[in-house]
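**Student:** Provided below for reference: sequence and predicted model.
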Amino acid sequence: MEPRPWLLMGFQMDQASIVGFALTYIFTMAGVFIMFLPAIFVFAILLVLAGILRLVGFLLTVAAIRPLIRLGRHIRKSLQEFWARSHGPTRLLPH
């Protein structure tokens with residue numbers, strides 16, 4: 001099989017060159033990851049803080065709604081008692 005000059009473009013690649021290029025690529029990727037690691041940590045901290053704020057907001061909403069539910073029950077019970085007092089017994093009396 002004859003060599004393809006357009007593939008080699010005049011460069012002779014031996015195994016050491018290929019391994020060197022591969023190691024350079026891997027170390028470059030690792031360096032870029034380490035370079036962006038502080039930004040990843042900051043983003044993770046912001047996500048955790050946003051989750052905590054949503055949880056606090058939910059708990060405050062529940063704490064605010066619970067007394068309103070009790071107030072609604074109290075108003076309903078008061079209206080039922082008022083209705084019973086003003087309209088007499090709610091059961092049918094036997095003849």
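**Tutor:** Okay, I see it.
**Student:** residue ranges with poor pLDDT in the protein?
**Tutor:** By pLDDT under 70, the low-scoring segments of the chain are 1-12, 88-93, 95.
**Student:** So which residue is smack in the middle of it?
**Tutor:** G51 (6.7 Å; C-alpha atoms, centre = their mean).
**Student:** Distance check, it against A64.
**Tutor:** Counting by C-beta to C-beta, to the nearest Å, the gap from G51 to A64 is 20 Å. Heads up, the C-betas are built off the backbone N, CA and C, glycines and all.
**Student:** contacting residues for the residue nearest to the centre of the chain?
**Tutor:** For G51, the contact set (C-beta atoms under 8 Å, 6 or more residues apart in numbering) is empty.
**Student:** That one: which element?
**Tutor:** Using DSSP states H and E, G51 maps to helix 15-87.
**Student:** gap between that helix and the chain center?
**Tutor:** The chain centroid and the centroid of helix 15-87 are separated by 5 Å under C-alpha atoms, centre = their mean, to the nearest Å.
**Student:** Could you report the neighbour count for G72?
**Tutor:** Using other C-beta atoms under 10 Å, G72 has 10 neighbouring residues.
**Student:** any idea how far L79 is from it?
**Tutor:** In terms of C-beta to C-beta, G72 sits 11 Å off from L79.
**Student:** do the same with M29
**Tutor:** Using C-beta to C-beta, we find M29 at a distance of 71 Å from L79.
**Student:** so M13, which of the three states?
**Tutor:** Assigned with DSSP: H, G, I helix; E, B strand; the rest coil, M13 falls in the coil class.
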